[in-house]
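[1] build me a model from this:
(chains A, B and C)
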Amino acid sequence: MKHLLSIDDLGRDGIEEMLSLAENFVEVTRRDIPKVPALRGKTVVSLFYEDSTRTRLSFETAAKRLSADTMSFTVASSSVKKGESLRDTVQTIEAMGVDAMVVRHSSAGAPHRVASWTDASVVNAGDGRHEHPTQALLDLLTLRTHRGPALDGLHVGIVGDVRHSRVAHSDVKAFHALGADITLVGPPTLMPESLEGWPARVVYDLDDVIGNLDVVYLLRIQLERQSEALFPSLREYTARYALTAARAKRLRPDALVMAPGPINRGVEIAAEVADGPASVITEQVANGVAVRMAVLWSLLGSGGSIV
Amino acid sequence: MKHLLSIDDLGRDGIEEMLSLAENFVEVTRRDIPKVPALRGKTVVSLFYEDSTRTRLSFETAAKRLSADTMSFTVASSSVKKGESLRDTVQTIEAMGVDAMVVRHSSAGAPHRVASWTDASVVNAGDGRHEHPTQALLDLLTLRTHRGPALDGLHVGIVGDVRHSRVAHSDVKAFHALGADITLVGPPTLMPESLEGWPARVVYDLDDVIGNLDVVYLLRIQLERQSEALFPSLREYTARYALTAARAKRLRPDALVMAPGPINRGVEIAAEVADGPASVITEQVANGVAVRMAVLWSLLGSGGSIV
Amino acid sequence: MKHLLSIDDLGRDGIEEMLSLAENFVEVTRRDIPKVPALRGKTVVSLFYEDSTRTRLSFETAAKRLSADTMSFTVASSSVKKGESLRDTVQTIEAMGVDAMVVRHSSAGAPHRVASWTDASVVNAGDGRHEHPTQALLDLLTLRTHRGPALDGLHVGIVGDVRHSRVAHSDVKAFHALGADITLVGPPTLMPESLEGWPARVVYDLDDVIGNLDVVYLLRIQLERQSEALFPSLREYTARYALTAARAKRLRPDALVMAPGPINRGVEIAAEVADGPASVITEQVANGVAVRMAVLWSLLGSGGSIV
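    I've put the predicted structure just below:
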């Protein structure tokens, strides 16, 4: 595998191999010195055209724990402001001797274009409304920790603005590939316009399914979307779709609460639910580092041992 | 010791131990390769909610000289802008596997709250008007270099906007703990509203004490404060409280001139005094790295050898 | 050699030694682990008062490949905003224990002033309209790769806003030192006011010389300059001075096309020429890292082996 652009690049077998590898790296991150020399001398650059400190830090932490060098290219202080094209930026950075580019961009497909222009490996760290494959992998790793490797028949509800969410897009593909059963929950204006390509059913009322879910996955409400006609008022949204303490009581005893973060406490999730025993939100963050170690090592490790 | 939040966490014995340790690190920083492997595999993150390149670089240099990995989280390009709470940011960063957080925040007490939310060690790198304990330690280390370990009876004048200064607050505690005698100097509007908790006397005229001081410590005038009613005009301030060349001539021959930086030449201090033989301002900066090495090593070093 | 402030610091012999050294580093950068321990324990800080991500990343990559630690000081988030003088910033950074400062500044001569204030080595990474010596060295290294070490008699055309260009200034000196023949090409308003100190001839029409050049060096058009009276309209400029596909056909078969980047496709150079076989633009970027390794190693390596 040369790039990780979409969860489709992996397939069920590829996903499962990556998760097993990530489990080895979870063990590495728990060591007293949580570092291996696997990628010494390799350089990983973050090429972020959208701000996302948490995703960038997660990738950079992963790279450093593999002993790679890291560089950070953010648009704010770059030649992009001087009118340089994405292609020229990519070729310039490649020429400096970079082994992998971690790309975040507001346009769907940008990482694919980057991959067509460079010999370096490219990891999609989120492109427009399209995909965010390492998020899907870290979500699966978190599920596996609690439910074991077989997710067949597990019932996952993904709640919120599915239509505009790259996380939902990658997660639905990945959960489906491993055999989970998926229900999308939200107002009609935030559901996919067509379910073609979405192996999932839709319900418009969270209360209709809340008692039947093994996992409630709460998408982040982009508060800036409220001005758009698609979006109900925040009060109306919270009333019908937030995981309030009252709704959380109706969850199965072993149900898990997940969110990609950053969360809006009191909006899509009540503070006491985010901090409660069913929540695995901070585990997701921790697993993000291990998953990204696995991805970078798969792309750049050239078959050496993890150690 | 788990955290360094206030100079009170140390006490006289703790301060003296930390200074002795820092003296060892001064020796390390003078080596041809000024680096020790003591914190290899540890990760230190700077969590800066206020800009302060000099303090951030000083901590990051200290961490790198101990072979720790460093990460920098600044608010400008972060999820804080997306409405994430301080607590969620802290828990997210902790989940990535961080060993220490160096926190600068405009609110007094923010580092204490951070410490209550995380298992990582927390160092207060300045919180509102409250404290800046590593500044006090580096100031003491600088004094020790020139005056030896016993500061009993040393007369220190702290000049300027004491009321709003976290540096003054930490320094008064630390100098007092080691037996120094402290005089606060400035216009009444910039002196503490009450001297309770300030083991110091106040004078309103620098010329009254200038000849009796062993140390003149010049707080930085925050030029943006001038619009506030508390503040005299700059001209008036400089006339009465600046360390001009004329006033510097009245200093004792062995008196030391200190400032936390960045200095305003021609405002609180004349350029020729800042660059003159009594000034130890750049020594303070150098000692800052050694003190921060000592602090990080004390919090994270788990008893290993320095070397 | 203590500093690299101007190409004049080197002379012909010095330039040739530096290029030979850089060729060794080109070999290092092609290794599987493109890293040598030569500067372990040294600290290189980038002190950038103008944004230039590509130059900064190139220097930082070079420093990391020599195993130096790097720090980045950019004005946007620094004490410069609090009114600190350049001199105080330099002395503060030096006091933290820095071995080299890489300085980019909008004022000609700023790196020279920095060098007068510090014991650290200073590299000029571009100062106003004055010089950019490492750009000239990487341009020469690129020429040598294609033409061998002897550039005597090679005919180089430098096209564009020569008058305001530090790249042109350093390149003309460096190319001339190695025996090349230089023609400056552009409208009279963008040519030097006097040719004194410019060992070059001037022509005002690119078509007059295009067939006689061994190298066409296209300076970047600063689009923001258009509002100035000196500058022709973009349309007029492109019509007369851009390297269009049609003009590129008139080049000698072995002519090389160079540019310092970032390029404006469709302005000073047509996209198909930038990507065409005569273009060595991305090679220039790659050589930039090797040249900067050579410069940093010469200033800080204290005669050890490269390995």
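
[2] could you measure from A:A68 over to chain C?
    11 Å (C-beta to the nearest C-beta, to the nearest Å). Yep, even glycine has a C-beta here, placed from its N, CA and C like the rest.

[3] may I have the phi/psi pair for that residue?
    A:A68 adopts backbone torsions of phi -80, psi 160, taken as degrees, to the nearest 10.

[4] helix or strand: which one has the nearest residue to it once chain neighbours are set aside?
    The spatial neighbour of A:A68 that comes closest, neighbours along the chain excluded (C-beta to C-beta, 6 or more residues apart in numbering or on different chains), is A:L39 at 4.0 Å. Counting by DSSP states H and E, there is no helix or strand that carries A:L39.

[5] A:L39 against A:R65, yeah?
    No: with contact defined as C-beta atoms under 8 Å, A:L39 does not reach A:R65; the gap is 9.3 Å.

[6] what about the helices in the stretch 151-300 of chain A?
    Taking DSSP state H, counting those that start in this stretch as the test, the helices found in the stretch 151-300 of chain A are A:166-177, A:206-209, A:234-241, A:245-249, A:271-274, A:281-300.

[7] is the third one positioned near chain B?
    Yep, that's helix A:234-241 we're talking about. No: judged by C-beta under 8 Å from any C-beta of the partner chain, helix A:234-241 makes no contact with chain B; its nearest approach is 12.1 Å.

[8] how about that helix: buried residues?
    A:Y237, A:T238, A:Y241 (16 or more other C-beta atoms under 10 Å in any protein chain shown).

[9] try the longest one
    Buried positions in helix A:281-300, judged by neighbour count with 16+ other C-beta under 10 Å: A:281-300.

[10] what helix or strand does the residue positioned nearest the centre of chain A sit in?
    Closest to where the C-alpha atoms of chain A average out (C-alpha atoms, centre = their mean) is A:Q135, at 1.6 Å. Using DSSP H and E, A:Q135 sits in helix A:133-147.

[11] indicate the residue of chain A located nearest to chain B.
    A:I33 (3.1 Å; C-beta to the nearest C-beta).

[12] now do the SS call for the nearest residue to that residue once chain neighbours are set aside.
    Closest residue to A:I33 apart from its sequence neighbours, by C-beta to C-beta, 6+ apart: B:G41 at 3.1 Å. When classified by DSSP: H, G, I helix; E, B strand; the rest coil, B:G41 comes out as coil.

[13] what is the neighbour count of B:G41?
    15 (other C-beta atoms under 10 Å in any protein chain shown).

[14] show me the contacts for it.
    Residues counted as contacts of B:G41 (C-beta atoms under 8 Å, 6 or more residues apart in numbering or on different chains) are A:R31, A:D32, A:I33, A:P34, A:K35, B:A68, B:D69.

[15] could you report the separation of the fourth one from A:R65?
    Look at A:P34 and A:R65: by C-beta to C-beta, to the nearest Å, they are 6 Å apart.

[16] which residues are common contacts for those two?
    By C-beta under 8 Å, 6+ apart, A:P34 and A:R65 have these common neighbours: A:V28, B:G97.

[17] what angle separates the least confident helix or strand in chain A by mean pLDDT from strand C:69-74?
    Taking mean pLDDT, DSSP states H and E as the measure, chain A has strand A:69-74 as its least confident helix or strand, at a mean of 89. With axes from the mean of the first three to the mean of the last three C-alpha atoms, to 10 degrees as the basis, strand A:69-74 and strand C:69-74 are set at 10 degrees to each other.

[18] quick one: list the elements packing against strand A:69-74.
    For strand A:69-74, the packing partners by 3 or more C-beta pairs under 8 Å, 6 or more residues apart in numbering or on different chains; DSSP states H and E come out as strand A:43-48, helix A:53-65, helix C:53-65.

[19] other SSEs contacting the second one?
    Using 3+ C-beta pairs under 8 Å, 6+ apart as the contact definition, the elements that helix A:53-65 packs against are helix A:11-29, strand A:43-48, strand A:69-74, strand A:100-105, strand A:121-127, helix A:281-300, strand B:69-74.

[20] go with 7 Å
    Counting contacts by 3 or more C-beta pairs under 7 Å, 6 or more residues apart in numbering or on different chains; DSSP states H and E, helix A:53-65 is packed against strand A:43-48, strand A:69-74, strand A:121-127, helix A:281-300, strand B:69-74.

[21] what does the first one give?
    When contacts are defined as 3+ C-beta pairs under 7 Å, 6+ apart, strand A:43-48 sits against helix A:53-65, strand A:69-74, strand A:100-105.

[22] let's go with 8 Å and repeat that
    So strand A:43-48, by 3+ C-beta pairs under 8 Å, 6+ apart, packs with helix A:53-65, strand A:69-74, helix A:86-95, strand A:100-105.

[23] so which of those gets nearest A:F175?
    helix A:53-65 (20.1 Å; C-beta to C-beta).

[24] for that closest one, buried residues please.
    Buried residues in helix A:53-65 (16+ other C-beta under 10 Å): A:53-65.
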